[in-house]
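K.L.:
A predicted structure for the sequence below; I have some questions about it.
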Amino acid sequence: MFGSLGYALAALGYFALILLLLTGRKSGIAKYLLIAASLVTCLWAASHIGGLGWQKSIAHFFAADASRQWVWMLFLAACLRSDFHSFKQIVLRPITLSLLVLPTAALIAAITSSLPSLWQFSLHTIVALQMLIVLELVYRQAGEQKWAYKPLVLFLGSMSLFDFVTYANATMINQIGENYIYARGYIYFCLLPFLVLAIRRISYWGVAIFVSRDVVLHSTLLLVAGGYLFFMALIGYLVKFLGGSWSYPLQLVLVAVSLVLLISLFLSHNFRTRIKVFITKHFYANQFDYRVQWVKLTESISGQDQSLHDVYQASLRGILDAMEYEKGVLLKHSKSGLSAVASVNTSVENELDFGKLAYLTQYFQHKEWIVDISELRVKPHQYEELDDKDYFMNHFGFQLIIPLFRQDEFWGMAIIDADNEHGKSLNWELRDYINAVKAQVANYILQFEGAYALAENAQFAAFSRMSAFVLHDLKNVMAQIDLILANAQQHKSNPEFIDDTFETLEHTKSRMDKMLKQLTEKKVAETQRSREIDLCALSEEVLRQRCQSILPLPMLKAEHTLLLEIDADKFSNVMYHLVSNAQQATSESGKVVVEIEKEFDGQSDWAVIKIIDDGQGMSQDFINTRLFKPFDTTKGNAGMGIGAYDAKNFIEELGGTIDVDSAPDEGTVFTLRIPMMEQYKAE
């Protein structure tokens, strides 16, 4: 029975390893070989339970051992190289075939019983020795990976060494010692953790096995329950063995009491917590399952928040969930002091004294240290820089105060607490964990605050940009009024001049109404009022009404009709600006010519407008870097620097292009290309 128990434990252990390997998401040769080796070892152990092995049939014993040795030898052969992609590559490799000769011979001899037992003992001894030699070769060629291979060497080395001792002793006395057989199950079971550790360390195998803390906790509780019930069963068996009329009632009492005690223990939160803490301390390097915690934190702060309040609330909940705490407050620091921006399960007004919390602001501006009130009460000397410790030690209702920073600048703090059962005592691991959490939360907060600030700035920028365009239009209106006043003295008695003046003033009033509407609505109209216009006629009107106050006077060369559907006012402003700039850049004796024509590029019809002058021109560097840059002007206070920028944007919104060909002292040619309306392409 003692020997069978060891083999049963080994069978269960390797079966559990198979389940772990099957849960891995990645597939590969190493994974399949490990599953095969673990399965054969599990079946090998199971075949020895209850005396089904060597005691009944020595042939069965030899066959089971030969099968186990064969599959582990194949696994070792695969470990000699790390670039196998198929099972066929491993098996057909010459060195693999040579390594499998002895295990295969041992397996055939066991199945056919073609060799006497003594020869088979010797053959298995040689196989175990071969395993040790190959294992030494694998370890030696591991190079920098020797640390990762050590658990595998300990696992297979101990297994092979014990096999070698067992069979060497059997060879000498022509009989296997029973003590060796009884011990093998326990030895193989005890060696299993080394194999698990090797699987986790050797990265190129690509086998990732993971056991969560909850699984270990529940498995441990089941093991404790099984051990407890086994112990109570032994007592019951002892009572029955002693006999007597009192034995049966006493057995019932023991069963009832044991079940009550077991249920009470398992329902005790304190008991479960102690078990979990024990497992964490002794079987895991980390207190938290960081993968799970990080996923929870990411989910907490990845919502589509609509306001800064939602962002602050999600941030506080993320910190609380990460620490498994129940209540807290998020405070933001500003020039006016601290203010609560989020709270969970707490009343800020009743539980916090903001006058005292100002001491924390001063403390955190000098030291980025998480304040643990429990530690403060025991070791106040560790918080020498904190003023008025009495308030925090005796009147403060929270445990942890976590500072948050915007880069190196103090942003605020999260104050959190838990009930007595869930409060955590800070150690180096928890402090590092909280620092990682608060850095993630701080980045989340600052990202959204920056986004909101950018949105507000964008609104102000849009309003400022609209104001700049309005001012630019006002400047054009003033130019029209100046033209009227300049000609008023000379032509005030001319009825045609009076009619033109009233027409110009009516047009000016219309533009002023439009600009006032834009200002009151605080935004630029999203859709321009487009209508069908004659490009040539509109250009002639702009040159005649708005470009006659500066010499040289522009000349128009245009086809009789070119129809486009565009915003007439906007196009007029663009034309006026470009022609006016050409006039200002040209001497009075020079010339400015506007040419309008239709072109076909093989696919589409285009309206092409060229504004040509023989003025001072521009350098290519100026064209590339400054010409279309908004608010950059060469006219000093007389210009806004947005005319060329506005012209380029308008033409591009129509689907057209604006090109500039110029050189210093050689004049300039602006070429505007605008796609024609569909119904006029064929004309």
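P.N.:
Looks like it came in fine.

K.L.:
how much space between residue 93 and residue 109?
P.N.:
Going from residue 93 to residue 109 by CB to CB, to the nearest Å gives 24 Å. Where you see a C-beta, it was placed from the backbone N, CA and C, and this is true even at glycine.

K.L.:
Between those two, tell me which one has more neighbours.
P.N.:
For residue 93 versus residue 109, neighbours defined as other CB atoms under 10 Å are more numerous around residue 109 (20 against 16).

K.L.:
ok, now which ones touch the more buried one?
P.N.:
If you count contacts by CB atoms under 8 Å, 6 or more residues apart in numbering, residue 109 has them with 62, 66, 115, 119, 120, 123.

K.L.:
Report the buried residues of the host helix or strand of it.
P.N.:
Per DSSP states H and E, residue 109 falls inside helix 101-112. With burial defined by 16 or more other CB atoms under 10 Å, the residues of helix 101-112 counted as buried are 102, 103, 105, 106, 107, 109, 110.

K.L.:
mind checking how far whatever helix or strand comes next after it is from the chain centre?
P.N.:
Going down the chain from helix 101-112, the next helix or strand is helix 117-140, by DSSP H and E. Mean-position distance between helix 117-140 and its chain equals 50 Å (CA atoms, centre = their mean, to the nearest Å).

K.L.:
what do you get for stretch 407-426?
P.N.:
24 Å.

K.L.:
For that stretch, C-alpha coordinates in PDB please.
P.N.:
Included here for stretch 407-426 are C-alpha records, laid out as PDB according to Å, rounded to 0.1, in the frame of the first residue of the first chain:
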ATOM      1  CA  GLN A 407       6.100  65.200 -14.300                       C
ATOM      2  CA  ASP A 408       7.900  66.700 -11.300                       C
ATOM      3  CA  GLU A 409       5.200  69.100 -10.200                       C
ATOM      4  CA  PHE A 410       2.700  68.100  -7.500                       C
ATOM      5  CA  TRP A 411      -0.800  67.600  -9.000                       C
ATOM      6  CA  GLY A 412      -2.800  66.300  -6.000                       C
ATOM      7  CA  MET A 413      -3.300  63.200  -3.900                       C
ATOM      8  CA  ALA A 414      -5.600  60.100  -3.500                       C
ATOM      9  CA  ILE A 415      -6.600  59.400   0.000                       C
ATOM     10  CA  ILE A 416      -8.000  55.800   0.400                       C
ATOM     11  CA  ASP A 417      -9.000  53.400   3.100                       C
ATOM     12  CA  ALA A 418     -10.300  49.800   3.700                       C
ATOM     13  CA  ASP A 419     -12.100  48.100   6.400                       C
ATOM     14  CA  ASN A 420     -10.100  46.300   9.100                       C
ATOM     15  CA  GLU A 421     -10.000  42.900   7.300                       C
ATOM     16  CA  HIS A 422      -8.700  44.200   4.000                       C
ATOM     17  CA  GLY A 423      -6.200  46.900   5.000                       C
ATOM     18  CA  LYS A 424      -2.700  46.200   3.800                       C
ATOM     19  CA  SER A 425       0.600  46.900   5.500                       C
ATOM     20  CA  LEU A 426       3.000  48.500   3.100                       C
END
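
K.L.:
Now do it, average pLDDT.
P.N.:
Across stretch 407-426, the average pLDDT comes to 80.

K.L.:
And that stretch, what's buried?
P.N.:
Neighbour-count burial for stretch 407-426 flags 410, 411, 412, 413, 414, 415, 416, 417, 418, 424, 426 (criterion: 16+ other CB under 10 Å).

K.L.:
How about stretch 127-136?
P.N.:
Using 16+ other CB under 10 Å as the test for burial, stretch 127-136 gives 127, 128, 129, 130, 131, 132, 134, 135.

K.L.:
again, but for stretch 110-128
P.N.:
In terms of neighbour count (16+ other CB under 10 Å), stretch 110-128 has its buried residues at 110, 115, 117, 120, 121, 123, 124, 125, 127, 128.

K.L.:
Secondary structure element holding residue 575?
P.N.:
With DSSP H and E as criterion, residue 575 is part of helix 568-584.

K.L.:
Contacts for that helix next, please.
P.N.:
473, 476, 479, 511, 514, 528-529, 531, 533, 535, 538-539, 541-543, 546-547, 550-552, 554, 592, 594, 609, 611-613, 615, 643-644, 646-647, 650-651, 668, 670, 672.

K.L.:
Name only those of those that count as buried.
P.N.:
Buried members of the contacts of helix 568-584, counted by 16+ other CB under 10 Å: 473, 476, 511, 528, 533, 535, 538-539, 542-543, 546-547, 550, 552, 554, 592, 594, 609, 611-613, 615, 643-644, 646-647, 650-651, 668, 670, 672.

K.L.:
Among these, which ones are in helices?
P.N.:
473, 476, 511, 535, 538-539, 542-543, 546, 643-644, 646-647, 650-651 (DSSP state H).

K.L.:
can you pull the contacts of residue 359?
P.N.:
By CB under 8 Å, 6+ apart, the residues touching residue 359 are 386, 387, 388.

K.L.:
Just the residues you listed: which are in strands?
P.N.:
Among the contacts of residue 359, none falls in strands (DSSP state E).

K.L.:
Just send those residues back as CSV, with neighbour count too.
P.N.:
Compiled in CSV, the contacts of residue 359 are given as follows (neighbours: other CB atoms under 10 Å):
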residue, neighbour count
386, 20
387, 15
388, 13
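
K.L.:
okay if I get the residues you listed as JSON lines plus pLDDT and distance to residue 200?
P.N.:
Below are these laid out as JSON lines (pLDDT from 0 to 100; distance: CB to CB, whole Å):
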{"residue": "386", "pLDDT": "84", "distance to residue 200": "44"}
{"residue": "387", "pLDDT": "83", "distance to residue 200": "49"}
{"residue": "388", "pLDDT": "81", "distance to residue 200": "50"}
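
K.L.:
Show me which residues of stretch 357-371 are buried.
P.N.:
Under the neighbour-count rule (16+ other CB under 10 Å), stretch 357-371 has 357, 359, 360, 361, 363, 364, 370, 371 buried.

K.L.:
Could you single out the nearest of the residues you listed to residue 175?
P.N.:
residue 370 (67.9 Å; CB to CB).

K.L.:
how about that closest one, what does it touch?
P.N.:
Residue 370 is in contact with 400, 401, 402, 403, 426, 431, 434, 435, counting by CB under 8 Å, 6+ apart.

K.L.:
and residue 343, helix, strand or coil?
P.N.:
Using DSSP: H, G, I helix; E, B strand; the rest coil, the structure places residue 343 in strand.

K.L.:
coming back round to it: filter the buried residues of stretch 357-371 down to the ones in strands?
P.N.:
Per DSSP E, the buried residues of stretch 357-371 map to strands at residue 371.

K.L.:
Would you format the buried residues of stretch 357-371 as a markdown table with distance to residue 308 and pLDDT included?
P.N.:
As requested, the buried residues of stretch 357-371 are arranged in a markdown table below (distance: CB to CB, whole Å; pLDDT from 0 to 100):
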| residue | distance to residue 308 | pLDDT |
| --- | --- | --- |
| 357 | 21 | 85 |
| 359 | 27 | 84 |
| 360 | 22 | 85 |
| 361 | 21 | 84 |
| 363 | 26 | 85 |
| 364 | 22 | 85 |
| 370 | 25 | 87 |
| 371 | 26 | 88 |
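
K.L.:
Okay, residue 5 and residue 183: tell me how far apart.
P.N.:
From residue 5 across to residue 183, the span is 12 Å (CB to CB).

K.L.:
Just the buried residues of stretch 357-371: which are in helices?
P.N.:
If you go by DSSP H, those have 357, 359, 360, 361, 363, 364 in helices.
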